[in-house]
Structure formats: structure tokens, C-alpha cells
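# Using only what follows, build the 3D model:
(4 chains, ligands or ions: 4)
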Amino acid sequence: MNPQDKKTNLSLWYRNSSAASTLTILLILLLMSTALAIAAPAFLKASNLLSTARNFSAIAVAGIGVSVVILTGNIDISIGSIYGLAGVSVAMLMKSGWSLVPAVAAGMAVGGLCGLANGLLVVYLRLPSYIATLGMMQIVRGVCYILTQGYPVSGMADSFKWIGQGELMGVPLPIYFMVLFALVFAVFRNRTKTGRRIFALGGNEEATRISGVNTKALKILCFVLAGVCAAFAGVINASKVGVAQPTAGNGFEMDAIASVIIGGSSMGGGVGTVTGTLIGAAIMGVLRNALVLLSVESYWQTLVMGVVIISAVTIDQLRKARR
Amino acid sequence: MNPQDKKTNLSLWYRNSSAASTLTILLILLLMSTALAIAAPAFLKASNLLSTARNFSAIAVAGIGVSVVILTGNIDISIGSIYGLAGVSVAMLMKSGWSLVPAVAAGMAVGGLCGLANGLLVVYLRLPSYIATLGMMQIVRGVCYILTQGYPVSGMADSFKWIGQGELMGVPLPIYFMVLFALVFAVFRNRTKTGRRIFALGGNEEATRISGVNTKALKILCFVLAGVCAAFAGVINASKVGVAQPTAGNGFEMDAIASVIIGGSSMGGGVGTVTGTLIGAAIMGVLRNALVLLSVESYWQTLVMGVVIISAVTIDQLRKARR
Amino acid sequence: MSEQTRPLLEMRGVSKSFPGVKALDRVDLQVYPGEVLALVGENGAGKSTLMKILSGVHRMDEGEIYLEGKAVSLPDPLSSQKAGISIIYQELNTLNNLSIAENIFIGREPIAKNGLVDRQRQHREARALLDEVKLPLDTQTLTGKLSTAQKQMVEVAKALSFNAKLIIMDEPTSSLTNAETRTLFDIVRRLKARGVAIVFITHRMVEIFQIADRVAVLRDGQMAATMHARDTTEADIISAMVGREIGDLYVKEVAPLGEVALEVQGLSTKNRLHDVSFYVRSGEILGFAGLVGAGRSEVMRAVFGIDPRQSGTILVRGKKAAIRKTGDALRYGIGFVPEDRKEQALILDMTVKKNMSLAALDRVSRGWFIDRLRESRLAEKFVSLLRVRTPSLEQRVKNLSGGNQQKVVIAKWMANEPLILILDEPTRGIDVGAKKEIHKLMSDLARQGVAIVLVSSELPEVIGMSDRIVVMHEGRVKGSFDRRGVTQEEIMQMAVS
Amino acid sequence: AEKIVVIGQQLGNVVFLPAEQGTKDAGKDLGIETEWQSPLRAEAELQNEIMLSLIDRGDVNGIAISCTTGDALKDAIDAAIDAGIQVVCYDVDSPNSKREYYVGTENYKVGHLAGEYMIELYKDSGLEKVRVAQLEGIPGANDIEARKKGFADAIAGTNIEVVYSLPCNDNVDEAINGIEYYTAANADNIDAWYMAGGWPYSVDPSAMPETNKWKLADPNRKIVTIDIFTETSPAFFALGVLDVAIGQDFYQMGYQSVSLLHKLINGEAVEAEYNEDIGAKFIGTGGQIATWENWKEVLGVKE
Ligand SMILES: Nc1ncnc2c1ncn2[C@@H]1O[C@H](COP(=O)(O)OP(=O)(O)OP(=O)(O)O)[C@@H](O)[C@H]1O
Ligand SMILES: Nc1ncnc2c1ncn2[C@@H]1O[C@H](COP(=O)(O)OP(=O)(O)OP(=O)(O)O)[C@@H](O)[C@H]1O
Ligand SMILES: [Mg+2]
Ligand SMILES: [Mg+2]
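Numbering: from 1, shown residues only, chains lettered A, B, ... in the order given. Ligands and ions are numbered 1, 2, ... in the order given. Now for the predicted structure:
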């Protein structure tokens, strides 16, 4: 390859690559963080940074999962309910004597089953994913209420708290889980055949099918993955607060989906990175942290949140517009 | 036209037409209503029918508006906040001495401005509509809080209640408004050139643009219309309860969008009818009425709601699959 | 339309670059009223780009455009329309969710006195236009239901409706069969008689001599030559296009025929196919001929597991094959190049490399994981084999010229190394040089024992490349011919009755 | 058969769980049918719809409602009363409506009480100034606003001052994260927390390590909260990270509302005084006040 080609590749990369988009969003995050560090030095305290990261890790894990569905051009708004049900299920199982690992596995399986139901509705009954997952959102939430009769589940063995509150070398475990999920999903999406096919499916479903790909199974898989991730996020959260609430995750899907889109994924499918989602979640997390550290008045908080989200994504769009 | 042609037309109509889809959904609504009438005779009381219709008229009006945005393949999740802000604005204006009509006009203008902001963000900053309207949702809600300092606005002149509580020939006014909006929008969408161009835009934006249509202005217009309708819905609601709450409409966008999709519109754009949206809103309204009339236990309500929504849309999909 | 008359359109020194590509380099072009100018060139030469500048889709980097002597700027499609230019794009731009009538009049809807769209008038005028292009369809039909050729004719009708002074047709015939092409040429002649100027882009040499007055040849973004059609030969044009001799177009070498690789027995589908049977041996090329809508594409889709079959058996190498979805077909070693590259074959937002490897991921992977090096090598191989004009393997396919996109589709299926390869209009929109390469590749594959099914609406291609030819009509197999000695007329006769 | 419906503010809001239980128990004790209804979202319009449907149902004799916004339910309450249904408000009143009875504790008073306890807690501290951070829910929510106001009025003119108010949108996770962030960042800038709603105490104390650390580091740091959750609150007292919790008795609100309605429906005499401040005949359900001293007895925790 001659130098000319290299330059061409670079410029093409800058215009087309999702990596460039991820880079821009990363810059936005750094910018936000720097501004915050100046305005509120407490931001840089290790404990604050760690607890901020710990707090957005559930959003990130669920975001990483739902981003796979978004990659196919679909949406999953049931993840907030799945998040709630998983916490409740694990807590109830542990109360009935299960130990941590099998209970968590079962909780993730519950999430996977909910995802499977979403997938089957979308693929075989051809429901628009918005409706299928809206319905599932309500059904799953209903199950949460029915299982618990509305009462938070508490009184589990102390091991329940390990996932959300444990630490390793001074760093909270949820952060490790978040990184683990990110790595696994990044490899899955970018390096495996299935991952590549999901991208293709999101770009052009018909063409992907005609390329010999079982697009039905693929789509179902994506919903299952979203369910499993949302379930794990729900477990992190329940474990973090030590109690499983049947209402947990109400509206959580908004945050998770927002972090995916802020991270540069397209609602239309076919575009997006795991790192982007991670950064999107971090932006949301730092923003929440900032609102408190800067003592923004309660009436102004939602407004500021909206302005920052719009600004962050605008900056990334402006880069693209420079074509 | 010979008889052969007529038959072909009929079968074509059944396979292709959105009208057939609307018909199916209407049948589902009638089915639901019949079942309900048998299970709970109180359903058929004129007062119950009228108040149910009055209750879903706000969803219907907002749904009719947002369906135009959905028709372009975009989404507007800020309508719930706009709904809240409009109620608050009209109430505050009336409190400060404005009379009803100019105050309502101003409220709708406020909604239109919010929609304009959405449109500008989507068209000129090229933000994904999900993010633009998510940001606006928070900004507008923030404005509600800031304007009212969180307190519900009450103590308006009695004329404030006219829109939501007035009656004409025994029928509540909101129902007239709903029908009026439906008629105007049906004509607008199906008979005017702007309306047809919105369909075209939703079907293939690029092709529409290169046909010489100003797609940017068109898209902005759609967001403005959604804002205006949501605002009017918010006014109906505030007027119905006689108080404007800054939190009104939190989560309302879900209901409005659901009724649009249940009504047969496609999230991808280019497909949908006004009547369908109306019926979608009616299904949601009757369902809510049913849950109370049948004394469904609170914890089962969400679950039942989810099941019914999925079933309703499934039936329509099965018709399409019969092709 | 002699050179003495004032040109209707004059483009001077037009240049246009895309990142990594200089698509047009100081191009001059004149078009005279009442003439048909054939604009030709290899894939990626810049033809479509030049025309999109005229239609207001692209803005030129430098240059001037004069219409009837006056300098004009064409910043957007609307101003181009107003200036009297209408265009049929290479890539179809139909609005599939609207009726035919609305497709034709979108943006210029007739308005009745009450301010609403005058639907009656719209349908009336659309009816007249459809009659003109001989499309016997209801104007209320949803455009999404039409076949590619029918959509193409709707686009022709739309272009006519502008009453433009200059009509640009970017490869309109690539998805048409002879009958429609003849209709189109009749229309062109009528327009010409009215003094309308037409720029006609095509890769089919015969068409140039049937219809064009002059020929303009683009090469690598530069105007290589303009000539009068009557003073020139196919060889001249080709050598101006590619800078070398090409020789005979259809090179079918004789390959030894093996066992029956694919056999279809009594295939029927719900609506359109009835009892279709055929077979193809390894090493054999089986051509499929027929009119638009004859059902050839539907046969191939049903065989490949895309559309459900109602009855019928598929045998692969003598054994019954259970093909229910496309993945099954792939496992039986079948490859399929579909007819519509944009809708059915390409992931437009993906890179050249990723598109090429999509059907062959198993061949470039170790276990679950894609071996990126192997993937790149595979793509590099086909980019050079098929001479795909792209600045990089990382270019998104949507930024390639139409013909180069088609090459990517072919590469994708060749990369999969199928034993049975179904090609539906494989050379649509491909330039003569590349076409020849593809024909040669087909021939080579056959020699290596691949069984090939070739569906093509270009009869010379079917006749030139096939060992046997199956003719279809209205969802049924009408008969078959041996390649040797069959004429276009014989095939047409069978296809229409 | 006699049927009484009790309406909560939002499905899934834990404070209404005891009210639901009280409703059921009262129904059982009185031998009448009761029904619990909650809108899916805390919105007056949805409660309004439920009221109208109940009126049309025709089989409902009495309704008790905790109003999301009092004035927004005025018309619905009046309509029900006009239709011959007995209506009372509990927890959150609708003062301008035709309802005659209010069952509950005033939120304003509860807030005021919290303020009084705060003053009490700091009376011997010797601090010149007591800086309080406050937790609230959705800005403007009726009950919370009343509690904020009660607190503010109580501490007016003292050395106690609210320096920050943190909204949590009625979301437990947001409440916890916010408290943690703020406490960690402002450990030396605040002396106390006043939680106008009990969101953070519906979970396990381990969810708030920073706040616990802060609290335990200095005896002059105090936390006063409204709401008691019998399942989860004791753990906080046990750790010494909570000083005062003031709980409204929602169980009694449910139970008393049903009993009252039953009497009204059957024309029995009701003992209730007209209360000027409330503008209704008032049935106080009292509440629980758990302090650092008495929490074990109040919450029924055995040694
Ligand atoms: N939007 C675009 N972005 C980047 N490059 C482009 C774009 N459009 C065209 N090109 C490049 O410009 C060159 C000219 O393309 P053009 O489509 O004009 O070719 P063409 O002569 O019409 O070819 P064909 O016969 O294949 O249709 C090609 O190299 C193509 O890759
Ligand atoms: N008369 C028709 N009515 C409805 N659909 C048609 C008709 N003709 C063609 N089509 C559609 O167009 C598509 C392509 O046509 P088909 O496969 O029948 O023909 P073909 O012989 O491959 O011709 P072509 O050259 O157009 O590809 C098919 O999917 C078919 O559904
Ligand atoms: Mg071209
Ligand atoms: Mg075909």
C-alpha cells in the first residue's frame, strides 16, 4: 500500500469509522469531566470516581445488551422490567435457600427467557419490536408485582450483596463486571461471525437473509442477549442496595437506550460500538454526579440534563457534518 | 371497469390497504367492547361510554399529532412534557388575566415552539430524533418545574374547565375536539399535497428530496404539529381536572405512541392512518376502563394490559400474514 | 442538430471529488436540442456523477453549466427541474408506500379548487402516461408491488411528465427486457422529434447504434472522446472507454459435463409458479429466458429457500435436498446472485471487504472468530480479479458506482465457492470490459465443475453463454433449446406465447 | 353487598402497601367487600379516570382516596358524592371538594415534627450553625412539598438551615446515589440530612457506605427521615446511622377509612371533630416516631 492509499484510508476512516465517533464521544466525556473537576474538585476523589463508575455500571451492562437489539434496527423497552424481575427472582431464590451463583444464573436465565419471548413475538408474530417489548414490559412488571405482592424482598444471605458491593483491589466489583461484559461483547460483535451477521442484519435484513444467514434465529438471539444483560444489571443493582424492589428499573430503559444512542449507535441499526455505549453510560453517570456535586437546584436538574445530552450528541454530529 | 377489475381491486385492497388494517383493529376494539359489555353491563351505560371516550380523547389527540412524526420514520418522546407544559402555561396565563381562547392559543403555540425546537435539532443538527426529543423532554419538564416552582397551578377562572368538562348536546367537548382533530388530520394527510409528501418522506426520504420536495421543512412541520397536538391534549387534561400539574404527562408519551402503533402505523414510517390511531387510543381507553369495571386486582392490571396490547396487535399481524 | 445550432446544454470544466476519489476532472460536454447523446464509460468513470450534478443532487467543485447559452447554477433538485431537466436515476427511487400516480406527481401534485390534491386529475394524467409507456396497470397500485422493470417504466413515465427540454436516462435499460426496451426507444424517438434532448447512459453497445446520434466517452473522470454514432464502430467506442481492444464478448469455452448437480421437479408456489422442472449438470451453464414477470426470478428465489414453495422437489447431486431457508441452500453448496443489488444483495453501509466476505464467513474464520487477515486477502483478491474501482477495501459500498456495486455482489458469491451458482441478471449495469471478465469467470467456473444457472434479460448473453436455454412464460416452463443454432427470434417466439 | 374501594396514588409505591393491608383487614373484620385500586403512574388524571369508572360501575358504596393532587380530584370526588357514593380522603386531602372527612396525618405536621426533632437533636450541640441537606422526590409533589414546608417553618428562626435540596424523582436508586455523592463530596459542609421521604430506607444500610461512614464519624451528625419501613428501617437504627424516623400509619389510614366509610354508608354515628386547619372532619391515624432511644420498642424489635 502506498502512502497515498494510507492517507485515503485515514480520511475514509475518519468519515466512516465508528471508532472516530467513539473517539469524539470520549473527548466529550473528558471535556465534561475536566470542567467538572475544575468546578468541583471533589469529583476527582478516588472514592467519588469509583462510586460514580460503580453507579453507571448497571446502565452500561444493560446498554451493552440492548445495543445489540438496536444494532438490528429494533428496540427493546422491556429491559427495565426485566432488570426488576431479575433482581426479585434472585432475591427470592436466595431467600428460599439457593446459593449465590445458581441463583444469579437462574436470574439471568429468567432475563434470557423474557428476551426469548420478545424475540419470538417479533420474529414469528411479526410484531413491531416497540409493541412487543411494550407489552412484555408490562407483563414482566406485572409478574414482579404478583411474585412479591408489591413488597421489596429483603433478608437474603449476605453473599447477595457481593456482586454489587464487593471490591477487588479497592475497586468495586460492578466495574469489573462492566468491563468484562464490554470486552466479551466487543469481541463478540467485531470478531465473531455471528457478530458480523448482526451488523449485516441491521444494515439490510433482506440481503443478509439472502446471504444464507438465519436472520430469524439471529434476531431472537439479540433479544435474548439484551434480556440476559438487563437481568445481570438488575442483579447488580439489587445487590448494590441489598434489597430487591418489584418497582426497580421503572424507566431504566430510557437511560440505557439513551446511553446507547449517545454512544453513537443508530436507531436504524447497523451502526454502533460497545465502547461508545460504555462512554454513553459514563456520560450519563458523570452528569448525574455533576448535578449533585455542583448542587444544581432541583428544579433545574432535569433541564440541565436535557441540555447536556443534546449538546454531547450535537458535537459528535458536527464532526460527521464536516464531510 | 369490468367486474373482474373490481374483484382484483377488492383483493388488492384487502392485502395492501391501510384501511383493511384499520378495519381489523376496529373489529378487535368491537370484540373487546362486546366481551366487556357482557362481563360488565355497566360498560354500556351512556355515562360510562362517554366518560371513557372523554378520557382517551387526550391520548387520541396527542397520538394523532405524534403519528405524523412517526409517519416520517422519526419518534417524539417529548410530547409528555409538552403536554405538561401546555397545561401549566395556559393555567398561568389565565391566572394572570388572559381569557380562555388567547390563553389556549398561546399554550398551543408553546407546544408548537417545543416541536419547532425538536425539528430544528433533528434537521439541522442531525440529532437522532430519539435523542433530540429525549433531551427536549427533560428540558421542557425542567421548564414546567421552574415556572411553577413545582406547585400545581389552580384557581383559574371557571372558563378554564370548559374545554375538558364542557358538554354539547350531552356529549363531552373533548370528544368533539378529538373528532375535529381526527377529521382535520385525515384530510391533511390524505388529501393535501403536504400530507402526501409526508407519506413520501416516510417511505423514502432521499427519493422524496430528489423529487424536489423540501424535506427539511416538511420534517420540521411534522414535529411542530406533534407539539401543537400534544399541547392541546395537555390543555384538555388540565382543564378536565381543573388544575395544571407540572408533572402532568410524565410517561404519557408511552400511551400516545402505543396507541399510534396499535393503530397500525409503522415505526419505520410511511404507513398509518388517523382512524387507526383513534381506534388505538380507544383500545387503550376501553382497556383501562375494563380493568376498573372488572375489578381486576391492581397487581394483575399491568400484566393484563400487556397481554391485551400484544394480542390486539398480533391479530392484525395475522391478517397481514394471510397474504 | 448540427454543430452549428446552439447547444441546449453546455458543461465546461466540470470537476468533482469525493474523499479518496476524483470522480470528474474538467469535463466538457455539449448536448443539442433534439439529439440523443449516448454517454458511455467504464464502471466508475463518472457518468452518474456528471448527471447528478445536472440534476442538482451533487454540487460540482468547479466548472460552469450553460443552458440555452445562459449560465445556470443547479444547487438542488428543484432548481434543476425548473430549468427543464428531468432525470431517471440509475438506482431506482420509487416511493414504495405510495401509488403509481403519486409516485409520478410527488412534489408537483395537481391541486383542485378546494386546495386539496386533485386525485382524479392526478390519476387521469398518470393513466395517460402509463399508456404512453405501455404499462397496463392500475394507477392506484402500490408501487412496492411492482417488479423492477415495472418500477423502471414508472420512472420513465415520471420523467416524461415534466415536459423537460433535457431528459437524462441513467442505464434505464439495465433492468428492462427487449419488449420494454423497444417501447422506451419508441418514446425516445418521439421525444427527439419534439426537439427534446436526451442523454442516454448504457453499457449495451447495440443500443448505442440503435438510438444515439452522438457518443460521449468518459474515462477515469475525463472526457475521452465524443463522436458521431454513424461514423464510429463498437470497437472504437470500447477502445476509447478502456484504452485497449476487448475482442469477442461472449466467451463460452466448452467444459466437460458431469452429473446432474441441481434438479428441480414440479416446483409450484402459491401465486405465480406452476410445475416448474429443470436440471443443470456440473460444468454446465443453463440459461433462463423470458419476458419480465415470466417468473424466472421467482423460481430462483424458491429454489434458494427465500420464498416458500407449495410443492416440488429439489435434488442436489441426485439426493433430495431439504431447503427451507437460505442457510440450507448455502449448506448444499448453492450460491445466489439476486437481481436487485440494492435491496437484496448489498449492505450499503458496510465496507467493500465486509460485503464480499458476508456469504463466505465460514471460509475466512477459525471457529467462531473471523480471521481478519484472511478476510482482507479474500477481498483484495476479488477487487483485483473483478477490477472493482474503489479507493480502499474500507470504502462503504454505497459510495461505489452502480457497476462496481454489482461486481461486489458477484465477488461475494464467488468467494463462497459454491458448487451450484445461480446468477440472476449478473451483469446488469456492468461495463463491457468487466462483463467480459465476468463471462470468462463463469466459463472458468463451469470448467472447474460448477453448475451455473444464468437468468438474463439480455438474449445475446443467454445465447452466448448457455449450454442449454430454458424459456419461461407466466410462471411455467415453455420449453428448452440447445444453445447451438438457436436464434433470438426463436426464443422470443416461445417467450411471448 | 356493600363494597368499598380504596385508591392509592401509584402502583408499586411501597408506602401504600400497609394501607392496602389495612383495607383488606378492615373488610374482613367488618364482613364487607373491599377493593384496592392504583393507577400505574402517579397522575391525577389517572385517578380521575378510575373514580369515573367506579361511579359508572354502580356497585360501589364508598371510596377512599389519597389524592395525587387535591384540587385535581375535586370534580371527580364531587361527582361521586353526587352519585350517592360516600367519599373520604386519606393521606392526601382534597380540601375544596365536598368530602366531609379526612383520615390521616397531615403531611405538613409530619414535616413540622421532623423539624422539631431536628431542633431537639441539636439543642445541646453547641454548633453555631446547623447545615441540613434535604432529600425530596419529584419537585412539586404535593405531600413532599407539605413536609418540606412544615420542616422549614419549624426550623425558621433557629440556627438550623437547609443548605441543599436533592431531588430523586421518587426513584430509590437515584436517592441513594445522590445522597452518597453529596455526602462524600460535602462531608464537612453539612451537619445533617432531612429526608422528606423515606426512599433510602427501603433498602439495606450497606447501600450507603459513604453516608454511614460520614454519620458515624461525628456524633454531631444527625439524620431525620420521614417514613418507616418495618422490614428495612430497624437495620439503620441498629447501625446507629439513623436518629429519628417519623412514620405515618398507612395501615391505620386504610383500616380507618374503610371503617369510617362503612359507618357512613350505614348511617351510623361517627365520632370526629371538625378541624379548622384541615377544613374537614378529621380522623387522626397518628403515626410512629422511632428515635435513637425508643426504636426497638416502636419497631417491635427483640433484643
Ligand atoms: N457519494 C459518493 N461518495 C464517494 N465516492 C463516490 C460517490 N458517488 C460516486 N463516487 C465515486 O465516483 C466515481 C464515479 O462514480 P459514478 O457513479 O459517476 O460512475 P459511473 O460512471 O456512473 O459508473 P457505473 O457505470 O458503474 O454506473 C466512482 O469511483 C465512485 O466510487
Ligand atoms: N404481474 C405481476 N403481478 C405482481 N407481481 C409481479 C408481476 N410481475 C412480476 N411481479 C413481481 O416481480 C418480481 C420479479 O418478477 P419475476 O420473478 O416474476 O420475473 P422475471 O422473469 O424474473 O422477470 P424480471 O426480468 O422482471 O426479473 C417478482 O417478485 C414478482 O412478484
Ligand atoms: Mg452510474
Ligand atoms: Mg428477474
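
# Nearest residue to residue 88 in space, please, no chain neighbours.
All of this refers to chain A. Of all residues not flanking A:Val88 in the chain, A:Ala244 sits nearest, at 4.7 Å (Cβ to Cβ, 6 or more residues apart in numbering or on different chains). Any C-beta I mention is one placed from the backbone N, CA and C, and that applies to glycine too.

# The chain in question should be chain D.
With Cβ to Cβ, 6+ apart as the measure, D:Tyr101 is the residue that lies nearest to D:Val88, at 4.3 Å, once sequence neighbours are left out.

# The one you found contacts D:Ala272, doesn't it?
Yes - when contacts are counted by Cβ atoms under 8 Å, D:Tyr101 is listed as touching D:Ala272 (6.3 Å).

# of those two, who's got more company?
More neighbours surround D:Tyr101 than the other of D:Tyr101 and D:Ala272, with 24 against 17 (other Cβ atoms under 10 Å in any protein chain shown).

# Would you point out which residue of chain A is nearest chain D?
When Cβ to the nearest Cβ is the measure, chain A has its nearest residue to chain D at A:Gly242, with 2.4 Å between them.

# List the residues that contact that residue.
Each residue near A:Gly242 by Cβ atoms under 8 Å, 6 or more residues apart in numbering or on different chains is listed here: A:Ser154, A:Met156, A:Phe160, A:Lys161, A:Gly164, A:Gln165, D:Val203, D:Asp204, D:Pro205, D:Ser206, D:Ala207.

# 7 Å instead?
Contacts were defined as Cβ atoms under 7 Å, 6 or more residues apart in numbering or on different chains; by that measure A:Gly242 touches A:Lys161, D:Val203, D:Asp204, D:Ser206, D:Ala207.

# and the two most separated of the residues you listed?
Greatest spatial distance among those (Cβ to Cβ): A:Lys161 and D:Val203, at 10.7 Å.

# which of those two has more neighbours?
Per other Cβ under 10 Å, whichever of A:Lys161 and D:Val203 has more neighbours is D:Val203, with 27 against 20.

# Nearest the geometric middle of chain D, what residue?
The centre of chain D sits closest to D:Gln248, judged by Cα atoms, centre = their mean, with a distance of 5.4 Å.

# Flag every buried residue along stretch D:32-45.
By neighbour count, with 16 or more other Cβ atoms under 10 Å in any protein chain shown as the criterion, the buried positions of stretch D:32-45 are D:32, D:34-45.

# Give me the contacts around it.
Outside stretch D:32-45, the residues touching it (Cβ under 7 Å, 6+ apart) are B:237, B:240-241, B:245, B:248, B:250-251, B:292, B:295, B:298, B:301-302, D:1-11, D:16, D:20, D:23-24, D:26-27, D:46-47, D:50, D:68-69, D:72-73, D:258, D:262.

# try stretch A:299-317
Counting contacts by Cβ under 7 Å, 6+ apart, the residues outside stretch A:299-317 that touch it are A:21, A:24-25, A:28, A:258, A:262, A:264, A:283, A:287, A:291, A:296, B:121, B:125-127, B:131-132, B:134-139, B:141-143, B:145-146, B:149-150, D:139, D:167.

# buried sites along it?
For stretch A:299-317, the buried set under the neighbour-count rule, 16+ other Cβ under 10 Å, comprises A:299-310, A:312-314, A:316-317.

# The nearest residue to D:Tyr255 once chain neighbours are set aside: what secondary structure?
With Cβ to Cβ, 6+ apart as the measure, D:Gly22 is the residue that lies nearest to D:Tyr255, at 3.7 Å, once sequence neighbours are left out. For D:Gly22, the secondary-structure state derived from DSSP: H, G, I helix; E, B strand; the rest coil is helix.

# got a list of what D:Gly22 touches?
D:Phe250, D:Tyr251, D:Gln252, D:Met253, D:Gly254, D:Tyr255.

# was I right about the first one contacting D:Gln21?
So the one you mean is D:Phe250. No - proximity of D:Phe250 to D:Gln21 does not meet the contact threshold set by Cβ atoms under 7 Å, at 8.6 Å.

# need the contact list for residue 252.
Let's take chain A. If you count contacts by Cβ under 7 Å, 6+ apart, A:Phe252 has them with A:Gly80, A:Tyr83.

# meant chain C actually
C:Lys252 makes contact with C:Ile285, C:Ser443, C:Gly464, C:Met465, according to Cβ under 7 Å, 6+ apart.

# which of the residues you listed lies closest to chain D?
Set against chain D, the nearest of the contacts of C:Lys252 by Cβ to the nearest Cβ is C:Ile285 (64.8 Å).

# Quick check: the closest one touching C:Ala451?
No - counting by Cβ under 7 Å, C:Ile285 does not reach C:Ala451; the two are 8.2 Å apart.

# Flag every residue of the stretch 251-400 of chain C that's near chain A.
Along the stretch 251-400 of chain C, the residues adjacent to chain A under the rule Cβ under 7 Å from any Cβ of the partner chain are C:306, C:325-327, C:329-330, C:336, C:338, C:343-350, C:354, C:358-359, C:361, C:365, C:368-370, C:391-392, C:394-396.

# Of those residues, keep whichever come out buried.
Buried residues within those, counting neighbours by 16+ other Cβ under 10 Å: C:306, C:325-327, C:329-330, C:336, C:338, C:343-350, C:354, C:358-359, C:361, C:365, C:370, C:391-392, C:394-396.

# Of the contacts of A:Gly242, which is the nearest to B:Gly107?
With Cβ to Cβ as the yardstick, the closest approach to B:Gly107 among the contacts of A:Gly242 comes from D:Val203, at 40.8 Å.

# Contacts only, for the nearest residue to that closest one once chain neighbours are set aside.
Counting by Cβ to Cβ, 6+ apart, A:Val241 is the residue found nearest to D:Val203 once chain neighbours are left out, at 3.8 Å. Contact partners of A:Val241, counting by Cβ under 7 Å, 6+ apart, are D:Val172, D:Ile176, D:Val203, D:Asp204, D:Ala207.
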